[in-house]
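Participant: need a 3D model of the following:
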Amino acid sequence: MFPAARLGDPTGHGTPLTPGPPGCSPDVLIGGLPAWRVGDVHVCPLVTVLVPHVGGAVVMGSRTVLINGRPAVRAGDQLVESGPPNPIAAGCPTVLIGG
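Facilitator: Numbers count the residues shown, from 1 in each chain. Purely as a prediction, here's the structure:
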């Protein structure tokens with residue numbers, strides 16, 4: 001079981017989950033913040049000379065928990081972006097998602 005990921009939770013690069021289109025869940029709140037789902041795009045604000053971080057999306061989340069018909073994302077799930085791996089570093093400590 002892992003903490004549920006939400007808008008603003010930190011990533012491994014030290015930046016908060018920031019939505020681009022499509023954004024996070026419009027109607028499911030976890031700890032008062034919109035839930036993050038597979039396919040929601042993170043717009044990474046980091047810019048480096050060697051590898052620009054343009055953001056990306058989580059492509060694999062929970063196999064058993066759906067939010068708006070899409071797999072829920074948890075702390076530890078990986079954002080796929082053009083730079084180095086970027087895991088979601090933390091989530092809501094009071095909402096745990098398995099599978």
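Participant: strands of this structure, start to end?
Facilitator: Remark: strands of the chain, listed N- to C-terminal, are 2-4, 29-30, 33-34, 41-42, 56-58, 66-67, 70-71, 78-81, 86-87, 92-97; assignment by DSSP state E.
Participant: could you list the low-pLDDT ranges of the chain?
Facilitator: Per-residue confidence of the chain (counting by pLDDT under 70) places the weak regions at 47-54.
Participant: looking at the strands of the chain, which is nearest to Pro22?
Facilitator: Using Cβ to Cβ as the criterion, the shortest distance between Pro22 and these is 6.5 Å, found for strand 41-42. (Each C-beta comes from the backbone N, C-alpha and C, glycine too.)
Participant: so who does Pro22 touch?
Facilitator: For Pro22, the residues meeting the contact criterion (Cβ atoms under 8 Å, 6 or more residues apart in numbering) are Gly39, Asp40, Val41.
Participant: alpha carbons of stretch 35-51, as PDB, please.
Facilitator: Output in PDB follows, covering the C-alpha atoms of stretch 35-51 (Å, rounded to 0.1, in the frame of the first residue of the first chain):
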ATOM      1  CA  ALA A  35      -6.200  13.100  -7.300                       C
ATOM      2  CA  TRP A  36      -3.500  12.200  -9.800                       C
ATOM      3  CA  ARG A  37      -4.300   9.500 -12.300                       C
ATOM      4  CA  VAL A  38      -2.400   7.600 -15.000                       C
ATOM      5  CA  GLY A  39      -2.200   9.800 -18.100                       C
ATOM      6  CA  ASP A  40      -2.400  13.100 -16.200                       C
ATOM      7  CA  VAL A  41       0.500  15.200 -17.500                       C
ATOM      8  CA  HIS A  42       3.100  16.700 -15.100                       C
ATOM      9  CA  VAL A  43       4.700  20.000 -16.400                       C
ATOM     10  CA  CYS A  44       8.200  19.900 -14.800                       C
ATOM     11  CA  PRO A  45       9.500  23.400 -14.200                       C
ATOM     12  CA  LEU A  46      13.200  22.300 -14.100                       C
ATOM     13  CA  VAL A  47      15.400  23.300 -17.000                       C
ATOM     14  CA  THR A  48      18.900  22.100 -17.400                       C
ATOM     15  CA  VAL A  49      21.500  22.600 -20.100                       C
ATOM     16  CA  LEU A  50      22.100  18.900 -20.800                       C
ATOM     17  CA  VAL A  51      18.700  17.400 -20.400                       C
END
